[in-house]
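# Below is the structure, and that's it, no one-letter string:
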């Protein structure tokens, strides 16, 4: 396959996740060489999602709900007062769970747990600012009444260029393997019978904070945050007719 055809193949792969060229008879009924190629690139994370939780417990549901609402509003206000651009807030979870005494016969409700989760999203920052903002938000949230940091996940907002690069690498690897096999076998590549791809994106590993850690004084203040990189992987499979 001439290298000048690779950009055309990539354009097709980017527009359709799994694409094939209609042929008759089907690929499995013809003489073909089937190869695979994997492309992998890394990129600096520029965005983050932080899940912050406020959990309260008590005997009376009205009192527990009121306490939770007061603490949650305080956490929201503290984050909003930071006035960070490109920051969004939303409630991602809210639940009320009865706590039962199973030693009683029949079991009876002995109290309630109210939980409110807030998702903070930061997008389009340079590494230093993203790290600093994430650290500040977590520290301020804990100081103002939050007692759970459920998840901290970093990611890349716009992955288009990186995906194209990974697809290019994967396609070229698949084509080169086909050429190597054909040369070793003493056959000629005729034309592409089918071409397909699937993403193998490896998401950044979420950083989790256990609730028990949030109860300690050591958890107070702004923790050090390392944002890291994200990996993007694609696999391309090509079937070549041979002669």
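Received it, and whenever you're ready, just let me know what you need. Being a predicted model, the structure only gives us computed values, none of them experimental.

# Now do the helices in this structure.
6-15, 61-81, 127-143, 160-185, 211-214 (DSSP state H).

# Now render those helices as CSV, adding mean neighbour count.
For glycine as for every other residue, the C-beta is placed from the backbone atoms N, C-alpha and C. Formatted as CSV, those follow (neighbours: other CB atoms under 10 Å):
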stretch, mean neighbour count
helix 6-15, 15
helix 61-81, 16
helix 127-143, 19
helix 160-185, 18
helix 211-214, 13
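
# Could you export those helices to a markdown table, including columns for mean pLDDT?
Listed next are these as a markdown table, based on pLDDT from 0 to 100:
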| stretch | mean pLDDT |
| --- | --- |
| helix 6-15 | 55 |
| helix 61-81 | 96 |
| helix 127-143 | 95 |
| helix 160-185 | 94 |
| helix 211-214 | 41 |
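
# out of those helices, nearest to residue 45?
Nearest to residue 45, of all those, is helix 127-143, at 7.1 Å by CB to CB.

# Give me the helices and strands touching the closest one, please.
strand 47-58, helix 61-81, strand 108-122, strand 148-155 (3 or more CB pairs under 8 Å, 6 or more residues apart in numbering; DSSP states H and E).

# got those as a markdown table, with distance to residue 180 columns?
Putting the helices and strands packed on helix 127-143 into a markdown table (distance: least, CB to CB, whole Å) gives the following:
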| stretch | distance to residue 180 |
| --- | --- |
| strand 47-58 | 40 |
| helix 61-81 | 56 |
| strand 108-122 | 46 |
| strand 148-155 | 36 |
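
# And the ones you listed: which comes nearest residue 93?
Nearest of these to residue 93, taken as CB to CB: strand 108-122 at 3.8 Å.

# and that closest one, how far from the chain's centre?
Remark: strand 108-122 is offset 24 Å from the chain centroid, using CA atoms, centre = their mean, to the nearest Å.

# Can you tell me the strand partners of it and which way each runs?
For strand 108-122, the paired strands and their directions (DSSP bridges) are strand 47-58 (antiparallel), strand 87-101 (antiparallel).

# what's the neighbour count on residue 147?
By other CB atoms under 10 Å, 18 other residues sit near residue 147.

# quick revisit: who wins for proximity to residue 160 among the strands paired with strand 108-122?
strand 47-58 (14.4 Å).

# so what pLDDT did the closest residue to residue 57 other than its chain neighbours get?
Sequence neighbours aside, residue 113 is the residue nearest to residue 57 in space, at 5.0 Å (criterion: CB to CB, 6 or more residues apart in numbering). The model reports residue 113 with a pLDDT of 96.
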